[in-house]
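S.K.: the sequence isn't on hand, but the structure is:
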């Protein structure tokens with residue numbers, strides 16, 4: 001009887017212990033592995049993960065924990081771990097959404113980037129938005145019908161595009177867009193955030209950020225949590241074999257009047 005009680009006691013204790021769940025996440029339509037899926041343990045916020053380039057993941061869970069799988073463009077999934085259903089987690093299919101609604105985050109105050117961006121837009125907006133007049137050329141079906149070749153709008157746009165003044169304006173517009181794009185990425189992928197998550201400083205920090213640049217499209221679409229998970233995942237890869245890379249050029253683009 002005492003032996004049975006001991007066995008039952010240790011069985012209960014073991015069920016309370018955390019386990020590491022392993023699996024692969026794929027597109028439910030074509031079984032293509034999904035990278036960058038955020039996996040969260042809703043019952044224990046300290047446990048989270050992100051899938052690698054082959055869709056593989058691992059996360060710690062206890063009996064009764066709810067595990068959520070989230071990825072842009074896919075319906076999220078929540079699966080409850082009962083201590084005996086590890087097989088459910090070995091192959092997670094994510095169903096694509098027919099449409100995606102952009103997430104809108106409401107903040108009490110504008111960020112420093114947003115304030116500067118609005119101010120620059122107020123100053124340079126007309127120059128950035130300016131486009132030369134675009135002549136309306138005849139349609140191909142009209143020409144086939146024997147109608148004469150007639151331009152129905154001013155041809156000043158053709159002439160203006162070849163003037164030095166417009167070329168300087170075009171170069172300014174390109175610098176403006178490049179600068180705003182870089183500053184937006186910097187606002188989402190700041191050295192202070194990377195240091196907070198990785199404890200990297202100085203040259204190591206700059207080398208890491210150069211080795212793993214954040215794309216503009218991901219910076220716009222990802223949530224704060226997804227960017228943090230992306231940084232953590234890349235840091236784990238980086239510490240396995242830190243790449244040897246030259247430091248980036250720190251000269252920032254500046255807005256100059258044309």
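M.R.: Good, I have the coordinates. Here the structure is a predicted model, which means the values were calculated and not measured. Residues are numbered from 1 along each chain as shown.
S.K.: let me see the ranges of the strands in the stretch 1-150 of the chain.
M.R.: Secondary structure of the stretch 1-150 of the chain (DSSP state E, counting those that start in this stretch): strands at 19-27, 38-41, 48-50, 56-61, 66-70, 77-80, 91-94.
S.K.: do a quick rundown of the helices in the stretch 151-258 of the chain.
M.R.: Counting by DSSP state H, counting those that start in this stretch, the stretch 151-258 of the chain has helices at residues 156-160, 164-188, 191-198, 202-211, 216-221, 224-240.
S.K.: of these, which approaches residue 30 most closely?
M.R.: helix 216-221 (21.5 Å; C-beta to C-beta). From N, CA and C alone the C-beta is placed, and that goes for glycine too.
S.K.: can you list contacts of the closest one?
M.R.: Contact with helix 216-221 is made by 72, 102, 181, 184-185, 188-189, 227, 230, as judged by C-beta atoms under 8 Å, 6 or more residues apart in numbering.
S.K.: what about 10 Å?
M.R.: Residues outside helix 216-221 that contact it (C-beta atoms under 10 Å, 6 or more residues apart in numbering) are 36, 72-73, 100, 102-103, 181-182, 184-189, 215, 226-227, 230.
S.K.: now the buried members of those.
M.R.: Taking 16 or more other C-beta atoms under 10 Å as the criterion, what is buried in the contacts of helix 216-221 is 36, 72, 184-185, 187-189, 226-227, 230.
S.K.: now render those residues as a markdown table, adding distance to residue 239 and pLDDT.
M.R.: As requested, the buried ones among the contacts of helix 216-221 are exported to a markdown table (distance: C-beta to C-beta, whole Å; pLDDT from 0 to 100):
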| residue | distance to residue 239 | pLDDT |
| --- | --- | --- |
| 36 | 19 | 86 |
| 72 | 27 | 82 |
| 184 | 28 | 88 |
| 185 | 23 | 89 |
| 187 | 26 | 88 |
| 188 | 22 | 89 |
| 189 | 18 | 92 |
| 226 | 21 | 85 |
| 227 | 19 | 88 |
| 230 | 15 | 89 |
